[in-house]
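J.: Structure for the following, please:
(chains A and B)
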Amino acid sequence: MLFGSIESGLFVKIVFWALAFSMIFSAFAVVHIKNVFRASLCLIITFVCMAGMFILLRAEFLAAVQVLIYIGAISVLIIFAILMTQDLENSSSYNSFRIPAILIATIFAITAIFVFLNTQWQMLSNPENISSPVSQAINIVFSDTIPWIAELLIHKFVIAFEVAGVLLLAAVLGAFVVLRRDREERELN
Amino acid sequence: MNLENFLIVSAIVFAIGLYGSLANRNAIVVLMSIELMLNAVNLAAVAFSRYVVPASVTSLPSDANLEAAKSAVQNLFVGHVFSIMVIAVAAAEIAIGLAIVIAIYRSNSSVDVTHLAEMKK
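T.: Numbering: from 1, shown residues only, chains lettered A, B, ... in the order given. Now for the predicted structure:
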């Protein structure tokens, strides 16, 4: 067995379905709840469930990153923005595009699920795809994933890595500029 | 668990995010829905990198040594790297987006996207 037999056990199935249902339910609550503050709390539940999914997929580093960045930073930013823009109750209502939006989203979901179910994926669990040095290498690589991600990030994707840094810097400066120009205009008025 | 389970969950969450970003009046809820969509894409990328064999592994000769196998298997983590990039872009996007929303709120005292026909009054 390539990744150990625990992955197909009953416990993993229960965890997966619990995470999947709570994630879909809370994601729907994000777009449906009228109170924006509660919607943002539901968004945090969705992020936590997503981190659990990452752990099920053996992406422990990404689960940690998910908790740190999404729950630690992005949710706090969203809650700050919600508290700065008032009228919490009934502030999230649907616009006139509700029915077309339901149609578009449903068509997208059905098409995507149809494509996913009818594609022949080259699965890793298929023994034809795996020779013996490869399965040995997979066991070594998956025993400690972070050095391999780091090497890929620094060697093969180094330009994307650097550009992401520049992007974050530009985002911070841009956020400052957007809010500061506004304040200067208000002082002028 | 199979690849398809994760992909279906990801597609449903993406569809919910699409619906929310199209059908909501509040700009912050629209931003939150976009975060949902980006997160669903992350889940799909990680599921692919966990379950699908990269081409560098299938084209590997069967008598390859362990080092070559390791460097081929390393491509399994490309999905993780894509997810990290998406998370960085999402962080930048939410910072800029919320700054714009707050600037709009200061000038319009409303974050209703249906009333934003013009950028500057």
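J.: Just give me the neighbour total for the closest residue to chain B within chain A.
T.: Here the residue of chain A nearest chain B is A:Val31; by CB to the nearest CB that distance is 3.0 Å. Just so you know, the C-beta spots here come from the backbone N, C-alpha and C atoms, and that holds for glycine as well. When counting by other CB atoms under 10 Å in any protein chain shown, one arrives at 27 neighbours for A:Val31.
J.: excluding its backbone neighbours, what's nearest it?
T.: Excluding its sequence neighbours, the residue lying closest to A:Val31 (CB to CB, 6 or more residues apart in numbering or on different chains) is B:Gly20, at 3.0 Å.
J.: can you pull the buried residues of the longest helix belonging to chain B?
T.: For chain B, the longest helix by residue count, based on DSSP state H, is helix B:78-108. For helix B:78-108, a neighbour-count test (16 or more other CB atoms under 10 Å in any protein chain shown) marks B:78-88, B:90-105 as buried.
J.: And stretch A:77-84, by the same measure?
T.: A:Leu77, A:Ile78, A:Ile79, A:Ala81, A:Ile82.
J.: for those, which one is nearest B:Ser10?
T.: Using CB to CB, A:Ile78 is the member of the buried residues of stretch A:77-84 that lies nearest B:Ser10, at 21.5 Å.
J.: my guess is the closest one meets B:Leu31, correct?
T.: Yes - between A:Ile78 and B:Leu31 there is a contact under CB atoms under 8 Å: 7.2 Å.
J.: Which neighbours do these two have in common?
T.: Counting by CB atoms under 8 Å, 6 or more residues apart in numbering or on different chains, the shared contacts of A:Ile78 and B:Leu31 are B:Ile94, B:Leu98.
J.: Show me the helices in the chain, by range?
T.: Picked chain A for this. Under DSSP H, chain A gives helices at A:10-32, A:36-56, A:60-65, A:75-84, A:98-117, A:132-143, A:146-151, A:158-188.
J.: my question was about chain B
T.: Using DSSP H, the helices of chain B run over B:3-23, B:27-51, B:55-58, B:66-73, B:78-108.
J.: show me the contacts for the nearest residue to A:Trp121 once chain neighbours are set aside.
T.: Spatial nearest neighbour of A:Trp121, excluding adjacent residues (CB to CB, 6+ apart): B:Val52 at 5.3 Å. Shown in contact with B:Val52 (CB under 8 Å, 6+ apart): A:Trp121, A:Gln122, A:Met123, A:Leu124, B:Leu3.
J.: Tell me the pLDDT of the third one.
T.: The reference is to A:Met123. At A:Met123, the pLDDT value in this model is 78.
J.: if I pick it, what's in contact with it?
T.: For A:Met123, the contact set (CB under 8 Å, 6+ apart) comprises A:Asn129, B:Leu3, B:Tyr51, B:Val52, B:Val53.
J.: and those residues as a markdown table, adding pLDDT?
T.: Formatted as a markdown table, the contacts of A:Met123 follow (pLDDT from 0 to 100):
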| residue | pLDDT |
| --- | --- |
| A:Asn129 | 67 |
| B:Leu3 | 87 |
| B:Tyr51 | 86 |
| B:Val52 | 85 |
| B:Val53 | 80 |
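J.: In JSON lines, list those along with distance to A:Phe108.
T.: Supplementary listing: these in JSON lines, determined by distance: CB to CB, whole Å:
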{"residue": "A:Asn129", "distance to A:Phe108": "31"}
{"residue": "B:Leu3", "distance to A:Phe108": "19"}
{"residue": "B:Tyr51", "distance to A:Phe108": "22"}
{"residue": "B:Val52", "distance to A:Phe108": "22"}
{"residue": "B:Val53", "distance to A:Phe108": "27"}
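J.: which one of these is nearest A:Arg38?
T.: Closest to A:Arg38, out of all of the contacts of A:Met123 and judged by CB to CB, is B:Leu3, at 33.6 Å.
J.: how close does that closest one sit to chain A?
T.: B:Leu3 is 6 Å from chain A, where distance means CB to the nearest CB, to the nearest Å.
J.: Just name the closest of the contacts of B:Val52 to A:Phe54, please.
T.: Nearest to A:Phe54 among these is B:Leu3, at 14.9 Å by CB to CB.
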